[in-house]
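Undergrad: With the input below, show me the fold.
(chains A and B)
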Amino acid sequence: MALDDTRITGFKVVGTRPDRPDGLDKVTGRAKYGADATAPGMLFGAIVRSPHAHARILGIDTSRAEAMHEVKAVVTRADFAPGLTGENLNVLENVMAGEKALYDGHAVAAVAATTALAARDAARLVEVEYEILPHVTDVDAAMEEGAPVIRADAADGSVPEGMHPNVVRYHESGHGNVDEGFAEADLVIEEHFTTEATHQGYIEPHACLATLGADGKGDLWCSTQGHWIAQKTCAALLGLEQSALRVTASEIGGGFGGKTTVFIEPVALALSRKTSRPVKIVMSRSEVFRATGPTSSTSMDVRIGMKKDGTITAGQGVFRLQGGAFPGAPMEFTAMCAFAPYNLKHVHQVGYDVICNRPKQAAYRAPGSPMAAFAVESVIDELCNRLGLDPIEVRLKNGSKEGTKASFGPTWDRIGLIETLEAARDHPHYSAPLNEGEGRGVSCGFWFNHAGETSVTLALSEDGTVQLMVGTPDIGGSRASMAIMAAEELGVPYDRVRVTVADTASLGYNDVSHGSRVTYASGLATIQAARDTIRKLCGRAAAKWGIDPEAVEWRDGCAVPSGPNAGEFDPMPIADIAARMGRTGGPIVGHYEVTPEGAGVSFATHIVDAAVDRETGATEVSRYTVVQDAGKAIHPSYVEGQYQGGAAQGIGWALNEEYVYGDDGRLQNPGFLDYRIPVASDLPMIDTVIVEVPNPGHPYGVRGVGETSICPPLAAIANAVSNAAGVRMRDLPMRPARVLEALQDRTGE
Amino acid sequence: MTQIHVTATVNGDPVEFLCDPRETLLDVLRDRLGLTGTKEGCGTGDCGACSVTLGGRVVCSCLVLGAEADGAEIGTVEGMADSETLHPLQRKFIEHAALQCGICTPGILVAAKNLLERTPNPTETEVRYWLAGNLCRCTGYDKIVQAVMDAAEEMREIP
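TA: Take a look at the predicted model:
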């Protein structure tokens, strides 16, 4: 969708760095997050979870819990809607187990009591009789003949004949003939790679407060990336009418994809319905780890052929992802992203979605893409090393550009990969000398970006200030970007625009804050809603002046006559029109509803220096530079923040973070002590370069920036560590013991 | 269960409450005193979102029992600003975009304020190690460290 009203220069507010509107609330402790809400008569919910990885539920005895006088209700699967199908059934199965517990931490019952302590005590008194079944938690093991069958009927029609029933979906894409391509190569390298499951690691545990009456009408307050999807899903799981449930998004303490679905919300609603009282549920950290969405773990094989001059002749990849006990591991994204940065004549990729006895995976920042980049960019690095080629020059030589046929089908529109590579090559970091023991790594990364259903309302107040209502929860400063775009269009100061994330009863449907879509899609709708408002403002001025509305234009916050025949009138400021709007036709409200089609893909190039301690195997990231195409940075500070945050999460994924399962199928490290995310002393400053190659699908050229930043780090760090250690690291995380072992294998110690 | 009677000072104000012997100081602050600025991220002392000062020392309030606070002086994020005037750290966090979701911000502000009271001129390394007990998942810490260094500089200039 090329927009004829695109503008990319002459901005007054766009590109500046004003204070975010919610800043004051967030530095004073006033901001209300999921767990900060209370209601009169509120009860506290607690969830009973399976200690077994795979078990048939033979019976649930709630009598001892119910005997506690503080306990007001216990719910099990029987308290939810029967007869669901498809993804609603999967979500319900995950929210409250039916016949089987499918992973350690799977919810099997819940209680509501007058205090949080009593609810926790009561949960321990619920007695569940289990028949323990054989389990499997590893992706390769789950595909093998004889592996325990998790759910017999989970596979769809895409899976080839003869595969294990745990393989539930299959993907294949590409073009050309890879055998022909490999025959043209001077060097072909094939390697096997693995990555472990990691958690999104948001610091705010899931929390909600639910009220549901006997009349089927309810209110839900929750920490979510998408309150309309919460409304839709909860309504289905509880058997309610969608509009009967109003959902309000609290301030959200991080999501990264993990809060795009529901876990405790339907349970709180069921408990509230049973007790006719408000019910609050707040997850503990161990519940967050055991029962909410980690990302997939992977097993991957990648083969790439290269000529001596650096031309890539063919690329091939097989990507096996486990997504827990339910279909949905993003293996098609892994496959599609793998070779996206490169212009290949011959490319072929295959993906397998495999279920096993782990929690249902949830989206995590560019789901599936970082792992793909890890495998592909590692092989490219190895090819460069062996052929004596510069890794950035090789990527420039093969890089995708406008008109290139992408590895998964489409032909690229205007994209900025080459520009990020050039900026990386020219950055002082790339030519800086390395210190003793350090290695340097480079990687590219790609993410599609998403648009999604969007609706925005912009209402003028009598004093000329602006109320903007968006439906996308603000996960990283988006209210600032929206205010900037509205101020830019209307010609009013930034701080005259108040942006609110509206509840589900106050605005049309909005897709989730995911897919790096918020600044793109809610931004596009904000700009169009402002333009709708401007048309109305110009109409009021035209009526006052007695001229044709077409003869009025909007300039610097004022209606002005336009064209030779419009007549001579003084500019009419927005505040004057607003002050009279009640007498000149009523309230002035602009709105816009859209499912845009031009999200605009995004590429990045990262450079990393890492030092490896040869005695301990520990890695220190000593320098890090992110170069990424933002299309147009609306608020550059928050664009930089996304770049830095994605890099930091990638560093954790590459070096420390992993789900560790015991032989018993139980998660061994459900806490921040043993699941170690990067702390301040682990990281260097993270330098950022914002490249701006405008997206033709957005009026200001915006591309989403949130997710692409986590695509290159795994590979860039692995390449740096491999180059520092002199041995190729093919398994993540590169924890010290693993690096030490690789060093010892290399030196034969 | 018998409740325990506790008196303490929070942000300079005298407070009095009853609490269950198992309730943490964090539970008391949030649920009994309505001071929800202090956040719970883990409940096991690993994330620092619940950082408060207890007698001038930074502690994880999830690791302190409410009953232990008897007679103590407690400082939370709600006590950082002087009425309308923000603490320099609070201002610098907004200016530097040192928060994204903001859930870790109260704990980090409390810890950073305590650092600057002890060490008015910290190095980047000192800031990073002092804040190593406060997890942030959004920012990569870069802008947080810059905001703390900048606030320190301003506070040194205007004593």
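Undergrad: Strands along the stretch 501-650 of chain A, start to end?
TA: Under the criterion DSSP state E, counting those that start in this stretch, the stretch 501-650 of chain A contains strands at A:552-555, A:558-561, A:572-573, A:589-594, A:602-612, A:619-629.
Undergrad: cool, and the stretch 151-300 of chain A?
TA: Counting by DSSP E, counting those that start in this stretch, the strands of the stretch 151-300 of chain A are A:167-175, A:187-195, A:207-212, A:218-222, A:245-249, A:279-282, A:297-306.
Undergrad: what angle separates the fifth one from strand A:207-212?
TA: For strand A:245-249 and strand A:207-212, the angle between their directions (axes from the mean of the first three to the mean of the last three C-alpha atoms, to 10 degrees) works out to 160 degrees.
Undergrad: what angle do strand A:245-249 and strand A:218-222 make?
TA: Using the same axes, to 10 degrees: strand A:245-249 against strand A:218-222 is 20 degrees.
Undergrad: And strand A:245-249, what's buried?
TA: A:245-249 (16 or more other C-beta atoms under 10 Å in any protein chain shown). Where you see a C-beta, it was placed from the backbone N, CA and C, and this is true even at glycine.
Undergrad: List just the nearest of those to residue A:255.
TA: residue A:249 (10.5 Å; C-beta to C-beta).
Undergrad: Quick check: that closest one touching residue A:228?
TA: No: applying C-beta atoms under 8 Å, one finds residue A:249 not in contact with residue A:228, separated by 9.5 Å.
Undergrad: What sits closest to the residue nearest the centre of chain B if chain neighbours are left out?
TA: In chain B, the residue lying closest to the centroid (C-alpha atoms, centre = their mean) is residue B:110, at 3.0 Å. In space, and not counting its chain neighbours, residue B:110 is closest to residue B:51: 4.7 Å by C-beta to C-beta, 6 or more residues apart in numbering or on different chains.
Undergrad: For that neighbour, give me its contacts.
TA: Residues counted as contacts of residue B:51 (C-beta atoms under 8 Å, 6 or more residues apart in numbering or on different chains) are B:38, B:58-61, B:106-108, B:110-111, B:133-134.
Undergrad: quick one, phi psi at it?
TA: Per-residue torsions, residue B:51: phi -60, psi 130 (degrees, to the nearest 10).
Undergrad: now residue A:127
TA: phi -100, psi 120.
Undergrad: So what's the residue count around the closest residue to it other than its chain neighbours?
TA: In space, residue A:127 comes closest to residue A:61 once its chain neighbours are excluded; the distance is 4.2 Å by C-beta to C-beta, 6+ apart. For residue A:61, the neighbour count with other C-beta atoms under 10 Å in any protein chain shown is 13.
Undergrad: Buried residues of the host helix or strand of residue A:111, list them for me.
TA: For residue A:111, the host element (DSSP states H and E) is strand A:107-113. By neighbour count with 16+ other C-beta under 10 Å, strand A:107-113 contains the buried residues A:107-113.
Undergrad: Indicate whether that strand makes contact with chain B.
TA: No: using C-beta under 8 Å from any C-beta of the partner chain, strand A:107-113 stays clear of chain B, coming no nearer than 13.0 Å.
Undergrad: Show the subsequent helix or strand relative to that strand.
TA: According to DSSP H and E, the helix or strand after strand A:107-113 is helix A:116-125.
Undergrad: Check which helices and strands the helix or strand following that next one sits against.
TA: The C-terminal neighbour of helix A:116-125 among helices and strands, as given by DSSP H and E, is strand A:127-132. For strand A:127-132, the packing partners by 3 or more C-beta pairs under 8 Å, 6 or more residues apart in numbering or on different chains; DSSP states H and E come out as strand A:55-61.
Undergrad: now whichever helix in chain B runs longest against strand A:619-629, angle please.
TA: Ranked by residue count, the top helix of chain B under DSSP state H comes out as helix B:142-157. Per the same axes, to 10 degrees, the angle that helix B:142-157 makes with strand A:619-629 is 100 degrees.
Undergrad: now the residue nearest to residue B:110: how far from residue B:77?
TA: Computed with C-beta to C-beta, to the nearest Å, the distance linking residue B:51 and residue B:77 is 9 Å.
Undergrad: Can you tell me the closest non-neighbouring residue to residue B:47?
TA: Closest to residue B:47 by C-beta to C-beta, 6+ apart is residue B:41, at 3.7 Å.
Undergrad: let me redo that: residue A:538
TA: That would be residue A:552: by C-beta to C-beta, 6+ apart, it lies 4.1 Å from residue A:538.
Undergrad: That neighbour and residue A:543 touch, don't they?
TA: No: assessed by C-beta under 8 Å, residue A:552 is found out of contact with residue A:543, at 9.7 Å.
Undergrad: quick one, which of those two is more surrounded?
TA: Set residue A:552 next to residue A:543 and count neighbours by other C-beta under 10 Å: residue A:552 wins out with 26 against 13.
Undergrad: Distance of that one relative to residue A:532?
TA: 15 Å.
Undergrad: Same question for residue A:302.
TA: From residue A:302 to residue A:532 the distance is 49 Å (C-beta to C-beta).
Undergrad: How about the contacts made by residue A:298?
TA: By C-beta under 8 Å, 6+ apart, the neighbours of residue A:298 are A:139, A:193-195, A:319-322, A:334, A:371.
Undergrad: Taking these together, which two end up most distant?
TA: A:193 and A:322, at 14.7 Å, using C-beta to C-beta across those.
Undergrad: So if I had to pick from the two, which one is more boxed in?
TA: Between residue A:193 and residue A:322, counted using other C-beta under 10 Å, the more crowded position is residue A:322 (29 against 26).
Undergrad: Can you add pLDDT and distance to residue A:672 and give the buried residues of strand A:107-113 back as CSV?
TA: Below are the buried residues of strand A:107-113 laid out as CSV (pLDDT from 0 to 100; distance: C-beta to C-beta, whole Å):
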residue, pLDDT, distance to residue A:672
A:107, 98, 22
A:108, 98, 26
A:109, 98, 27
A:110, 98, 25
A:111, 98, 26
A:112, 98, 28
A:113, 98, 27
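Undergrad: now, which of those sits nearest residue B:66?
TA: residue A:113 (19.2 Å).
Undergrad: I'd say the closest one and residue A:119 touch.
TA: Yes: with contacts counted by C-beta under 8 Å, residue A:113 reaches residue A:119, the gap being 4.0 Å.
Undergrad: overlap in contacts of these two?
TA: With C-beta under 8 Å, 6+ apart as the test, residue A:113 and residue A:119 both reach A:43-44, A:46, A:70-71.
Undergrad: looking at those residues, which has the most residues close by?
TA: Counting by other C-beta under 10 Å, top hit in these: residue A:46 with 29 neighbours.
Undergrad: Please report the distance of it from chain B.
TA: Applying C-beta to the nearest C-beta, to the nearest Å, the value for residue A:46 to chain B is 13 Å.
Undergrad: could I get the one helix or strand that residue maps to in CSV with only the CA atoms?
TA: Element membership of residue A:46, judged by DSSP H and E, is strand A:43-49. What follows is strand A:43-49 as a C-alpha-only set of coordinates in CSV (Å, rounded to 0.1, in the frame of the first residue of the first chain):
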residue,chain,number,x,y,z
LEU,A,43,-11.1,-12.6,47.2
PHE,A,44,-7.7,-14.0,46.3
GLY,A,45,-7.3,-16.9,43.9
ALA,A,46,-4.6,-19.5,43.9
ILE,A,47,-4.0,-22.3,41.4
VAL,A,48,-3.3,-26.0,42.0
ARG,A,49,-0.6,-27.2,39.6
